[in-house]
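In: My questions are about this predicted structure, shown below with the sequence.
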Amino acid sequence: MMRMMGVLLGVGCLVICGCGDGAGLGTVTGQVTMDGQPLANVMVTFVPIGGGNASTGVTDASGQYQLVHPAGRGAEIGTHTVRVTTVQSEAGTSVDVPTDSEEYMRTQMGGQDYAQASRSVEETIPARYNTRSELTHEVTAGRNVIDLTLTSS
């Protein structure tokens, strides 16, 4: 009986603490710069090294991004390979969708395929930051500010 009470108390604590929705995610924001200049309209992707779902975000005009995961805002807790790629629409114009908009959430959850759309445009970011990424970052519980300082040389 005492064991059952302990289990029920533990489950009750999890529900009250809100550990159900978005559990295992840390919020991730930051700025992407190359050679000291902010990069607008680039996609930032965090891919968990141990497996799991990737999180993505698109930078605004000042290079700021916020990651979105299929389970909510943020990225899975743990170590990630980070990829930064140029984002272009199929028409060749830059995509400028605020990360807090409904349209952004829709595209991140399976709408427009930014990776496919950007294939027709020459990548301006060195491969060591995308297709052969050397970047890794740790995401912890809570708020993470991860600035990405890139160099073109």
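Out: Alright, I've got the coordinates. Just so we're clear, the structure is a prediction, and the values are computed from it rather than from any experiment.

In: Isn't Ala71 up against Ala54?
Out: No: shown here, Ala71 and Ala54 do not form a contact pair, counting by C-beta atoms under 8 Å, at 11.8 Å. C-betas here are computed from N, CA, C, even on glycine.

In: residue ranges with poor pLDDT in the chain?
Out: Confidence mapping of the chain against pLDDT under 70 gives the ranges 1-23, 88-121.

In: what do you get if the cut-off is 80, keeping everything else the same?
Out: For the chain, the stretches with pLDDT under 80 are 1-23, 88-122.

In: ok, which stretches of it are helices?
Out: 2-17, 102-108, 114-118 (DSSP state H).

In: Could you check how far Asp51 is from Thr81?
Out: One correction, residue 51 is Gly, not Asp. Going from Gly51 to Thr81 by C-beta to C-beta, to the nearest Å gives 12 Å.

In: Compare the two and say which is more crowded by neighbours.
Out: Per other C-beta atoms under 10 Å, whichever of Gly51 and Thr81 has more neighbours is Thr81, with 15 against 8.

In: Grab the nearest non-local neighbour of that one.
Out: Val47 (4.8 Å; C-beta to C-beta, 6 or more residues apart in numbering).

In: Would you confirm that the one you found contacts Thr56?
Out: No: contact between Val47 and Thr56 fails when scored by C-beta under 8 Å: they sit 9.6 Å apart.
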